[in-house]
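*Asks:* sequence unknown, structure follows:
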Ligand code: PEP
Ligand code: MN
């Protein structure tokens, strides 16, 4: 259930209700909106709890949450969540663009890509240092060296870094360098990892497992939200179907369907979702038309020689074309695609 506080409820009244909920043996999760505060209540929803909380000071009403996920649900928080880190803003009317190589391969490759995607208007740099590869014989990533290279790219360009963490024991190391922790599709239901990543307080990009339903994705997000970290982006990256003309089937109806269920922003990954360079730009544009709050795109200086996912990576020129197309669609659907990073919005400037 959620305890909806009155518009003018005071901080004392909110603190009082948080204590009352704890006294009932339930867990309060306050969600502070600009309009009003609601407190999601996790635990047993017996009628007597509801009645005794309803008479609390500053309480407007108690509403049961029917969805299995509580904090992620739109019922708990009708205001859309905006995830922000430096120049990257994802959610509500903001369209955030994350771009970069599948894997960090070298300093030269990563820096060249960071410069190019920034010049084309990206707001964050992606790049895997720890790679989840289907085959143990494939390139596994440069690990800490890769993180150091990403940090260099951030220093030079001001772009925040989005990078994957594979296991709970790597979380402290990856969080030392990353601005956004990516939880990969294969790990969507690695619950200890979700908690460990959530506890860092860093924004999280949570990718949908290729066989996960939307409820399962939202319940996975709930593990992160339950750590008190609300900076969560969901990512549709394609699901497994019988279709074989694409690597996965990019389920774009997931975007409006998620928006009907949750306040969390939805990012679309047309690179993994299609697995073919030639399909990426048009599916990116379609994602924006479907209401996506962000895109994550693989870009490489020389896709033919990439150590991973070259077949779905864009050249710098192709990425520029994608941005031009998406800018037109964004305008048509009322989304703001912030111009390229300025010195004032750069992460380096904000941290300094
Ligand atoms: C990636 O982003 O390079 C990646 C491995 O993605 P996914 O987890 O969606 O397969
Ligand atoms: Mn990849």
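*Replies:* Right, received. Where do you want to start? Given the structure is predicted, the values throughout are model-derived calculations rather than measurements. Ligands and ions are numbered 1, 2, ... in the order given.
*Asks:* Now do the closest residue to ligand 1 within the stretch 101-250 of the chain, the pLDDT please.
*Replies:* The nearest approach of the stretch 101-250 of the chain to ligand 1 comes at residue 184, 3.1 Å away (Cβ to the nearest ligand atom). Every residue, glycine included, has its C-beta placed from N, CA and C. As predicted, residue 184 sits at a pLDDT of 98.
*Asks:* burial of residue 284, as a residue count?
*Replies:* 29 (other Cβ atoms under 10 Å).
*Asks:* can I assume it sits in a helix?
*Replies:* Yes - looking at residue 284 with DSSP: H, G, I helix; E, B strand; the rest coil, it is inside a helix.
*Asks:* Show the contacting residues for it.
*Replies:* Shown in contact with residue 284 (Cβ atoms under 8 Å, 6 or more residues apart in numbering): 268, 270, 295, 297, 322, 325-326.
*Asks:* If we use 7 Å, what do you get?
*Replies:* With contacts defined as Cβ atoms under 7 Å, 6 or more residues apart in numbering, the neighbours of residue 284 are 270, 295, 297, 322, 326.
*Asks:* from the residues you listed, which is closest to residue 139?
*Replies:* Lowest distance from residue 139 to these (Cβ to Cβ) belongs to residue 297, with 20.1 Å.
*Asks:* any idea how far that closest one lies from ligand 2?
*Replies:* Using Cβ to the ion, to the nearest Å, one obtains 11 Å as the distance from residue 297 to ligand 2.
*Asks:* And the closest residue to that residue other than its chain neighbours, what's its pLDDT?
*Replies:* Nearest non-adjacent residue to residue 297, counting by Cβ to Cβ, 6 or more residues apart in numbering: residue 99, 4.5 Å away. pLDDT, residue 99: 98.
*Asks:* Isn't residue 230 up against residue 81?
*Replies:* Yes - using Cβ atoms under 7 Å, residue 230 makes contact with residue 81 at a distance of 6.3 Å.
*Asks:* picking up where we left off before, which of the contacts of residue 284 fall within helices?
*Replies:* Counting by DSSP state H, the contacts of residue 284 place 270, 322, 326 in helices.
*Asks:* Need those residues in JSON lines (columns: distance to ligand 2 and neighbour count).
*Replies:* Formatted as JSON lines, those follow (distance: Cβ to the ion, whole Å; neighbours: other Cβ atoms under 10 Å):
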{"residue": "270", "distance to ligand 2": "12", "neighbour count": "30"}
{"residue": "322", "distance to ligand 2": "16", "neighbour count": "25"}
{"residue": "326", "distance to ligand 2": "20", "neighbour count": "25"}
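*Asks:* tell me which element the residue nearest to residue 297 is part of?
*Replies:* strand 96-100 (DSSP states H and E).
*Asks:* secondary structure class for residue 331?
*Replies:* Per three-state DSSP, residue 331 ends up helix.
*Asks:* Any idea how many residues pack against it?
*Replies:* 12.
*Asks:* Over to residue 12?
*Replies:* Around residue 12 there are 10 residues (other Cβ under 10 Å).
*Asks:* Same check on residue 105?
*Replies:* Based on other Cβ under 10 Å, the number of other residues close to residue 105 is 24.
*Asks:* Identify the residue nearest it in space, chain neighbours excluded?
*Replies:* The shortest distance from residue 105 to any non-neighbouring residue, by Cβ to Cβ, 6+ apart, is to residue 307 (5.1 Å).
*Asks:* repeat for residue 14
*Replies:* Nearest-residue entry for residue 14: residue 37, 5.5 Å, with adjacent residues in sequence omitted and distances by Cβ to Cβ, 6+ apart.
*Asks:* same question, residue 166
*Replies:* residue 130 (4.8 Å).
*Asks:* Also residue 146?
*Replies:* residue 129 is the one closest to residue 146 (Cβ to Cβ, 6+ apart), at 2.9 Å.
*Asks:* check contacts around the one you found.
*Replies:* Taking Cβ under 7 Å, 6+ apart as the test, what residue 129 contacts is 104, 141-143, 146-147, 150, 163.
*Asks:* In helices only, show me those.
*Replies:* Mapping these onto helices (DSSP H) picks out 146-147, 150.
*Asks:* right, and residue 212 touches residue 188 too?
*Replies:* Yes - between residue 212 and residue 188 there is a contact at 5.7 Å, judged by Cβ under 7 Å.
*Asks:* returning to what we had before: next one: the residue nearest to residue 146, what pLDDT does it get?
*Replies:* On the pLDDT scale, residue 129 gets 98.
*Asks:* any idea how far it lies from residue 265?
*Replies:* In this view, residue 129 and residue 265 are 24 Å apart by Cβ to Cβ, to the nearest Å.
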